[in-house]
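[1] Give me a 3D structure for the following:
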Amino acid sequence: MSTTDAQGRITHCNTAFAEVSGYSYDELMGQPHNLIRHPDMPEEAFKDMWATIGRGRPWSGIVKNRRANGDHYWVEANVTPILDNGKPVGYMSVRFKPRRDQVVAAEALYAKIAQERSSGHSTIKLHAGRVRRLGWRDLPGRLHRMTMTQRLALGVVLAMGLGFVPALLGLSGGAAVAVQAGLSLVGAAALLAWFHIDVARPLGALDEFAAALAACNLKAGMTKIHPHVLSPLTRSMWQVQINLLAVISDVRAEVSVFMRTSEDISASAHELSARTEDQASSLEETAASMEQLASTVQHTAGVARQIATQSQGSSDIAHQGNVAVGSANKAMQAIAGSSRRVADIIGIIEGIAFQTNILALNAAVEAARAGDQGRGFAVVASEVRALAQRSASAAHEVRDLINSSSEQVGAGADYSAQAQATIASVEKSVREVTRLMREITNATNEQSQGISQVNEAVIRLETVTQQNANMVDETAQAVAVLSQRTKTLNRAVDVFRM
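    Numbers count the residues shown, from 1 in each chain. Here you go, the predicted structure:
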């Protein structure tokens, strides 16, 4: 089915029309309807169609159309004008698959029309989708196309003419009256029989057909009688049926799509709801893990602050230890210098003692030689005294140096004690730092576990979010289909004027 505006541009078409023609919906909308016109179709057929529907009358015929790929297909086309105040404002075309004999007859008819067009001698023409003979051969057809009023008038004239038969026969008196009465009865009976057979019975069938349509029964059948006085009426009623059948079929098809799409959307909504609940649960787990992680991080921060303070104290203690060790080092260097000085003095004392020993020997020798002479002994004694003084002075100096060394050694011992105490403090600080580091390690493990839980929850959230995104995409596509189908359905029912 398709509809066009008054200029023949397509304003609506159903899915079957697009599929059979091979064009997409967007390619058809707004295009001239002759887009599907096949070149084998004679111009006379389309001229007859436009002349018929232009007068507000329906047109039917077997038409050969062209597909988008150049192929063709045959249809039984039924075109109905859409009237507004008696003037066509658009056209509705409903097509069915024709029978094979109809296609063969149409091919022969169109070939004959093309042949007569080329020869310039026409014996037939198309009128309202039907074939009419030209000239005297159309006389029976004209009699069949008489209106009901014309036929009734002809019957009345014939019945009245029967009244003149007695006079024409030369009858008079009672015989003439009897013949006239008999002929009148025969004429009246013939007129009544014609009316009953040709008018009343088809009207009764039309009434039953109209009642079926009123009861929304589109399966009711009706014979299209032609040629007949009621042909236009039967044709119009049949056209109403096929138009309603086409529109309602489209509506049903679109509604079935709505139902399937609605079911898909409903299923997607339920699945999305379940995933949303899962996502909410994951978010709760994530929130709990994050809260625990925040508490652990806060504790870690406190420990880190303690470590910073303790490290600063350790730094200060280490500095003090460095200073103390430096002082001890200096003291030890002073002791070493004093020891070297003691060694030098002791060397001097040894030298003096050696010389004293030699002088003493010399004095003994001299004393032995001189006997009582004391002059040499006195000299030696003088030298010995000098050496003794020097020895005493050196010993005194040694004593002083030893005392000084003792004091320095004592100071070194004190500094060593201080250094030991400082080292003990450093060791204690190191132990405290180690304990804090263990706490940091435990806290880090807890943070790692918490982060792992958060990571798992985030992965689940990411998966659910991706699934939700896909579901939203499918829902958007389904909504787009619903929107498109809604527009199609709206155009399908928009052909009715209310």
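[2] only C-alpha atoms for contact and neighbour calcs from this point on.
    Noted.
[3] so where do the strands sit in this protein?
    Assigned by DSSP state E, the strands in the chain fall at 2-5, 10-13, 59-66, 72-84, 87-96, 124-127, 130-133.
[4] Paired strands for the first one, with orientation please.
    Strand 2-5 sits in its sheet next to strand 10-13 (antiparallel), strand 87-96 (antiparallel), going by DSSP bridges.
[5] Just put those strands in TSV and tack on distance to L134 and mean neighbour count.
    What follows is these, written out as TSV (distance: least, CA to CA, whole Å; neighbours: other CA atoms under 10 Å):
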stretch	distance to L134	mean neighbour count
strand 10-13	35	22
strand 87-96	29	19
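[6] Can you say which of these is nearest to D48?
    Evaluated with CA to CA, the strands paired with strand 2-5 place strand 87-96 nearest to D48, the distance being 14.9 Å.
[7] tell me the angle the closest one makes with strand 59-66.
    Strand 87-96 runs at 60 degrees relative to strand 59-66, counting by axes from the mean of the first three to the mean of the last three CA atoms, to 10 degrees.
[8] What mean pLDDT does strand 87-96 get?
    If you average the pLDDT over strand 87-96, you get 89.
[9] Could you number the chain from 868 rather than 1 from now on?
    Done: numbering now begins at 868, and the last item shifts to strand 954-963.
[10] still on that earlier bit, and L1021, which of the strands paired with strand 869-872 is closest to it?
    Once those are compared by CA to CA, strand 954-963 is nearest, at 33.4 Å.
[11] Output the closest one as CSV, nothing but the C-alphas.
    Written as CSV, here are the backbone C-alpha positions of strand 954-963 (Å, rounded to 0.1, in the frame of the first residue of the first chain):
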residue,chain,number,x,y,z
LYS,A,954,-11.8,17.4,-4.7
PRO,A,955,-8.9,14.9,-4.7
VAL,A,956,-6.2,15.9,-2.2
GLY,A,957,-4.3,12.6,-2.4
TYR,A,958,-4.5,9.0,-3.7
MET,A,959,-4.3,5.7,-2.0
SER,A,960,-3.1,2.6,-3.9
VAL,A,961,-3.5,-0.9,-2.7
ARG,A,962,-1.8,-3.8,-4.7
PHE,A,963,-2.4,-7.5,-4.7
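[12] outside of that strand, which residues touch it?
    868-875, 920-921, 923, 942-950, 1109-1110, 1113, 1362 (CA atoms under 8 Å, 6 or more residues apart in numbering).
[13] One more: stretch 968-978?
    So stretch 968-978 is in contact with 908-909, 929, 941, going by CA under 8 Å, 6+ apart.
[14] Then stretch 1079-1088?
    For stretch 1079-1088, contacts defined as CA under 8 Å, 6+ apart pick out 1076, 1108, 1111-1112.
[15] again, but for stretch 922-930
    Contacts for stretch 922-930 (CA under 8 Å, 6+ apart): 908, 916, 919-920, 941-950, 953-955, 965, 969-970, 973, 995-997, 1103, 1106.
[16] Drop anything exposed from these.
    908, 916, 919-920, 941-949, 955, 970, 973, 995-996, 1103, 1106 (16 or more other CA atoms under 10 Å).
[17] what about R922, distance to H900?
    Separation of R922 from H900 (CA to CA, to the nearest Å): 19 Å.
[18] Who has more neighbours out of the two?
    H900 (18 against 12; other CA atoms under 10 Å).
[19] I'd say Q898 and R876 touch.
    Yes: counting by CA atoms under 8 Å, Q898 touches R876, with 5.3 Å between them.
[20] my guess is V998 meets K979, correct?
    No: in this structure V998 lies outside contact range of K979 using CA under 8 Å: 11.7 Å.
[21] what about these two, which has more around it?
    Ranked by neighbour count (other CA under 10 Å), V998 and K979 place K979 first, with 15 against 11.
[22] Distance of the more buried one relative to D893?
    37 Å.
[23] go on, A1113?
    A1113 is 21 Å from D893, by CA to CA.
[24] out of the contacts of stretch 1079-1088, which one sits closest to H988?
    Of those, the one sitting nearest to H988 (CA to CA) turns out to be Q1108, at 39.1 Å.
[25] can you list the domain ranges for this structure.
    Domain assignment for the chain by automatic domain parsing gives 868-1011, 1013-1089, 1126-1355.
[26] lowest-confidence stretch among the ones you listed?
    domain 1126-1355 (a mean of 69).
[27] That one: end-to-end distance?
    Terminal-residue distance, domain 1126-1355 (CA to CA): 15 Å.
[28] related to what we said a few turns ago, between the strands paired with strand 869-872, which one is nearest to Q1344?
    strand 877-880 (21.6 Å).
[29] In PDB, please show the C-alpha coordinates belonging to that closest one.
    Once non-C-alpha atoms are left out, strand 877-880 reads as follows in PDB (Å, rounded to 0.1, in the frame of the first residue of the first chain):
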ATOM      1  CA  ILE A 877       4.800   9.400  -2.300                       C
ATOM      2  CA  THR A 878       3.700  10.400   1.200                       C
ATOM      3  CA  HIS A 879       3.500   6.900   2.800                       C
ATOM      4  CA  CYS A 880       4.200   3.300   2.000                       C
END
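[30] And the contacts of that strand?
    868-872, 892, 895-900, 1355, 1358-1359.
[31] Narrow those to those that are buried.
    Counted by 16+ other CA under 10 Å, the contacts of strand 877-880 give 868-872, 895, 899-900, 1355, 1358-1359 as buried.
[32] Can you tell me which of the residues you listed is nearest L1328?
    So of the buried ones among the contacts of strand 877-880, ranked by how close each gets to L1328 (CA to CA), first place is T1355, at 39.5 Å.
[33] And that closest one, how far from V971?
    35 Å.
[34] repeat for T1330
    For T1330 relative to V971 (CA to CA), the value is 63 Å.
[35] okay, those two: which has more neighbours?
    T1330 (14 against 10).
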